[in-house]
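Enquirer: after the sequence you'll find the predicted model.
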Amino acid sequence: MELAMGSEKDSYARLPSMCHVLERSNPGSIVSYSCKENGEFNNFFMCLSAWREGWIHCIPVIIVDGSFLKSYYKGTLLTACTQDANKQIFPLAFDICSGENTENWSWFFSMLKHSLMHRDDLYIVSDRHEGIISSVRSVFSHAQHGYCVYHILANLKTRFRGTQKTVSWKFLQAARVGSVYECEEYLQMLDSEDPCIRTYLERMGHDKWSRAYASRNRYSVMMSNNAESLNAVNATAREYSICQIIMCF
């Protein structure tokens, strides 16, 4: 691969020309990169034209996630995806940056908003990373933001260790059912495990994890595992140079 694409250091130098080639070979694509004042690499963003056009035929739900890069210069891969009409993973965009923080998530979401057609009923699903929460609030203020229930469940198991064996199915059922009445039934079951569980969930906001309390349709997308699966498919690519990673998409 290095013979074809050059070293990792050379890969960053080739980034401007690669952006030019991508835009010429994929008309309508949004490809952009930014550098710091000292010329050091900062961000790379790509949303191909096929992804932009396909977005309008998918459910209005965006699932985002971040994963570490394993190359010499490290960094983080941010991804956004959705589901098509067959409930298959459909990629929307990705970003290569220095790490998961509010600044990088804000840049990613700003580019994503610029690239994709506006959807009034937009729903965003992610883990509870503070950078994501803050960025969604400022960039996609019209969207509803819900959390991955498996990340919440992991936190519940950590906070309430004595209930690990029984809390899982009760919480997941409370999250998945479609009526407030049914959700309340499972919350009462959780009360019998530990009343503090309800307090913890109420403080978070029932609309953040429950289908029944959501103010708009989240299309049964309760987890961020679609984005995690997209990252897993490209797991080997995370060891490559930046240009090699781009080619893998």
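Expert: Okay, I see it.

Enquirer: where do the domain boundaries of this protein fall?
Expert: Following automatic domain parsing, one finds the domains of the chain at 2-147+223-248, 150-208.

Enquirer: take the ones you listed and lay them out in CSV including mean neighbour count.
Expert: For every residue, glycine as well, the C-beta is placed using N, CA and C. As requested, the domains of the chain are exported to CSV (neighbours: other C-beta atoms under 10 Å):
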stretch, mean neighbour count
domain 2-147+223-248, 17
domain 150-208, 15
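
Enquirer: flag whichever of those domains has the least confidence on average.
Expert: When the domains of the chain are compared by mean pLDDT, domain 2-147+223-248 comes last with a mean of 88.

Enquirer: which stretches of the protein form strands?
Expert: Ranges of strands within the chain are 30-35, 41-47, 61-68, 76-83, 89-97, 123-126, 144-147, based on DSSP state E.

Enquirer: the third one to strand 89-97, inter-axis angle?
Expert: I take that to be strand 61-68. Here strand 61-68 runs at an angle of 40 degrees relative to strand 89-97 (axes from the mean of the first three to the mean of the last three C-alpha atoms, to 10 degrees).

Enquirer: with the second one instead?
Expert: Computed by the same axes, to 10 degrees, the angle separating strand 41-47 from strand 89-97 equals 160 degrees.

Enquirer: quickly run through the sheet partners of strand 41-47, with directions.
Expert: Here strand 41-47 is paired, per DSSP bridges, with strand 30-35 (antiparallel), strand 89-97 (antiparallel).

Enquirer: closest to Ala214 out of those strands?
Expert: Smallest distance to Ala214 across the strands paired with strand 41-47 (C-beta to C-beta): 21.1 Å, for strand 89-97.

Enquirer: chain center to the closest one, what's the gap?
Expert: In terms of C-alpha atoms, centre = their mean, to the nearest Å, the centre of strand 89-97 is set 8 Å apart from its chain centre.

Enquirer: outside of it, which residues touch it?
Expert: Taking contacts as C-beta atoms under 8 Å, 6 or more residues apart in numbering, the residues outside strand 89-97 that touch it are 30, 42-47, 51, 54-55, 58, 62, 69, 75-84, 104, 107-108, 111-112, 115-116, 226, 229-230, 242, 245-246, 249.

Enquirer: CA atoms only for that strand - export them in CSV, please.
Expert: What follows is strand 89-97, C-alpha atoms only, in CSV (Å, rounded to 0.1, in the frame of the first residue of the first chain):
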residue,chain,number,x,y,z
ILE,A,89,-26.9,0.7,6.8
PHE,A,90,-26.5,3.7,4.5
PRO,A,91,-23.4,5.8,5.0
LEU,A,92,-23.8,9.6,4.9
ALA,A,93,-20.4,11.1,5.7
PHE,A,94,-17.2,10.7,7.6
ASP,A,95,-14.6,12.9,9.1
ILE,A,96,-10.9,12.4,10.1
CYS,A,97,-9.8,14.6,12.9
